[in-house]
Every structure is written in structure tokens, then in C-alpha cells.
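**Q** what follows is a predicted protein model with its sequence.
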Amino acid sequence: MVPRRTSARWVLVVCGGTHVANHLAEYWQVLAPDPRLHFRLLLPSGERRQACTTPTRAVLPLRQVGQRWAKVFPWDLAVVADHDEEGTPDPDRCPVVRLQHGVPGKRLDDGIYAFGPRSFDDEGRLRFTRILVSSEATRRLATRIDPAFADVVAVVGSLDDDRLLAEARHRDEHRRRLGIAPGDVVVLVTSTWGPSGLFQRLGDALLREAHALQGELRFILSAHGLDYQPGPPGERVWGEYIASQTSQGFLVRDPGEDWVPYLVACDVVLTDHTSVATHAVLINRPVVHIRVPEGLLEPGSPIQRLHELTPEVREDASDLGDVLRAALLDGPHHELRDLATQLNSYPGEAASRIRRETHDLLRLEIPLTQAMPGEALP
């Protein structure tokens, strides 16, 4: 480690898997130009580390530290994008920032994943000093679940959304790069991970129906990165199986690839309860969904509202073509525009707001060279 200077601040980026690496990378890229900030990367130990090291290092090319350094070094800030990340300092040692990982709405175990029991330690204390979220609606959801979040959740907008809105202007360019012809009608099939996900529940039936529709529609298959990890012996690894479908004429998004160009390039989205699909409403893409098992969606959440407003495909996928045609013909439900306003309270402002929140925790002024046009410095 380099000896500390008065103005230097040391930031520990804790990445527990490839599914959060891009979220952390975007945050780092916003702050990296400040020469006073020094970043180090902590990866999990054991097999989990081996699985995520190469793809994580591709997007987070930071100097790594081990678990021992993470425990003893006096960090000024730690940043995570998920719960229970191994080696994360206690917030009594330094401020801990958690980034929003998807749009909150999924339930897991005995609560909503984003703001459930995993946000607290064994003594009932919050694990985080700040939780950065995209919208006031998400902040209200958090405080409704537990008032303890009221002083922790900060609304900053979304870097992903800002990038999506910017890239939507380059739709034709993205389609050309992906090999999509001007007349092609493209369906993006995007899934969350695990046994409740689209591919594990409808995979074979869906692929059979999609294959029959290929003369009329083109399909992009996008499995969650965690579905590429091996399961019990003899069980299909769905990520690998989806990757093999290029031989059947499907386009496949590699889990290490940015999802934004694929969403921009498509004409309609087929999904389960992955939060990626909620971003479709921001760029006016129609959405269709499969039924989600009872109890997996938080009432009143954006994902649950999306399911209320969009058509559903049968569990055997036999009506896939009819539902997609109807969605393309009718377009997005007008109420989806209202949902879009609940997803992002500050479009175009995420970088400047993240910078303000972070520098406040670090007790630093934002350098003039880092201020966005029109941004008031503290």
C-alpha cells in the first residue's frame, strides 16, 4: 500500500460475483478521475473467486487486496452492490455504500430482497451507511418495509438508465452491429436466475415455439450470469444450454456483454420477473411476461406493476406468437408511461448525484474539473 496523504482517500470495492461487476464498474468510472481517490478491489475467496476473477477483472481493472488487508487497513469508504459480501468492513469502521442492484421488487426467503433481513446484521443494525437508489418510489418502498431505511436511502437516479436513454438514439447502429436487418422484428428474451426464472420454468417449450416463429421473428436469448454456474451433478446448466442455441439460429447475449445495446435493438421484450425488463418502459418497448409463482413479487413494486399492465404467455408457451403479435400491434400500455416516472426520479443526473453523495461521505469537496455543467459545488 502507498502511504496515506492528507487529501488521499482509500476506497474498497467489494465484488462478490460477475452479476454485480458492471454496477461497481460504473460507479468507479464516475469517481476515478479524482486523483485523491485510490481504489482497491476485493474478490471472494475459494471457488467463487475463481469463477468471477477473469470477467470481473475485465471491467474492474483495479489492484487487488486480500481478505487480511481488507480487515486491517483503515479504509475511508467501502462499496458493494449486493448483500453479505465477504470482507465488507463494518460501517462502524468506515462508511459503506450499497448500489442498487436491479429494480427492487423480488421477494426472497422472508422479505423483499433489496430491503429485507439481509440488510441487517445479527444485532439488527443496518449493514450500510448509504443505499443509492434510482427513484423516490423505491425510497418510499424501503421506508414502508422498515423506517430504519429513511436515513440511509439516497435517491440518485440510475447510471444504467442514463446510458440506456443515450444509446437509444443509436438504435440503427446497434442493430447493424448485432447483425439485425432493418426489416427484422426482434424479441429480447431476458430471464432472472434460479428455478423461478423463465428458462428453467418454460425453457424447452419456449425454445420450441420460438424456433417455429423464426421466419417471422428474430429472438435474442439473454440468460442471467448466475445461470451459467454449475448446479447439482446431472442438472442442466441453463446458461451453457442457452449459449449453445446459436446453432439453432438464435442470437445469444453473453453474460459478460452489456445488456443495453440488446434492449435498444429489440422491438419487444419477453421476460419473467427480472428487473432488466422494467427498463424497457423507459424507451417505449412493449413487454410480455410469463406468470411468476405466488409470493415472489412485492405488492406495489415496479416489477409487480409491470406484470399487471402487460400480457401473459401461457405456461406451455403455446400462444407465444399470438401474444407477441398483439403486443407489437398494440404497443406499450399507456399506463407504462406512468410507471417509467416511478423508475427514475432524476434521468440524466446520476453521475453528478453519485459524486455528491460519495464526496460527502468522504468529507471532500468535488474538484472543479469533476463538476457537471450546472452542478453546484458544496
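**A** Nice, thanks for sending it over.

**Q** C-alpha only now, for contacts and for neighbours.
**A** Fine.

**Q** mind listing what the residue nearest the centre of the chain touches?
**A** In the chain, the centroid-proximal residue (Cα atoms, centre = their mean) is G102; its distance is 3.8 Å. By Cα atoms under 8 Å, 6 or more residues apart in numbering, the contact set of G102 is 275-276.

**Q** mind checking the backbone torsions on it?
**A** Torsion angles at G102 (phi, psi; degrees, to the nearest 10) stand at phi 80, psi 170.

**Q** pLDDT at P302, what is it?
**A** Model confidence at P302, given as pLDDT, is 82.

**Q** wait, isn't it in contact with Q342?
**A** Yes: using Cα atoms under 8 Å, P302 makes contact with Q342 at a distance of 7.4 Å.

**Q** the two: which is more packed in?
**A** Neighbour count, other Cα atoms under 10 Å: between P302 and Q342, P302 has more, with 23 against 16.

**Q** ranges for the strands of this structure?
**A** Using DSSP state E, the strands of the chain run over 9-14, 37-42, 77-80, 96-99, 107-108, 111-112, 130-133, 153-155, 186-190, 218-222, 251-252, 268-271, 287-290, 312-313.

**Q** now the third one: mean pLDDT?
**A** Strand 77-80 comes out with an average pLDDT of 98.

**Q** same deal with the last one?
**A** For strand 312-313, mean pLDDT is 94.

**Q** stretch 185-195: end-to-end distance?
**A** 29 Å (Cα to Cα, to the nearest Å).

**Q** now it, how far from the centre of its chain.
**A** Stretch 185-195 sits 14 Å away from the centroid of its parent chain (Cα atoms, centre = their mean, to the nearest Å).

**Q** so which bits of it are buried?
**A** Of the residues in stretch 185-195, 185-193 count as buried by neighbour count, 16 or more other Cα atoms under 10 Å.

**Q** so which residues make contact with stretch 304-323?
**A** With contact meaning Cα under 8 Å, 6+ apart, stretch 304-323 is reached by 105, 202, 205-206, 209-210, 213, 278, 286-291, 297-298, 327, 333, 335-336, 339.

**Q** buried members of those into ChimeraX, please.
**A** Buried subset of the contacts of stretch 304-323, written as a ChimeraX selection, criterion 16+ other Cα under 10 Å:
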select :105,202,205,206,209,210,278,286,287,288,289,290,291,297,298,327,333,336,339
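
**Q** which of the contacts of stretch 304-323 fall in helices?
**A** The helices, defined by DSSP state H, take in 202, 205-206, 209-210, 327, 335-336, 339 from these.

**Q** domains for the protein, by residue range?
**A** Listed by automatic domain parsing, the domain ranges of the chain are 9-158+346-370, 162-343.

**Q** quick one: low-confidence ranges for this structure?
**A** 1-5, 46-52, 105-111, 368-378 (pLDDT under 70).
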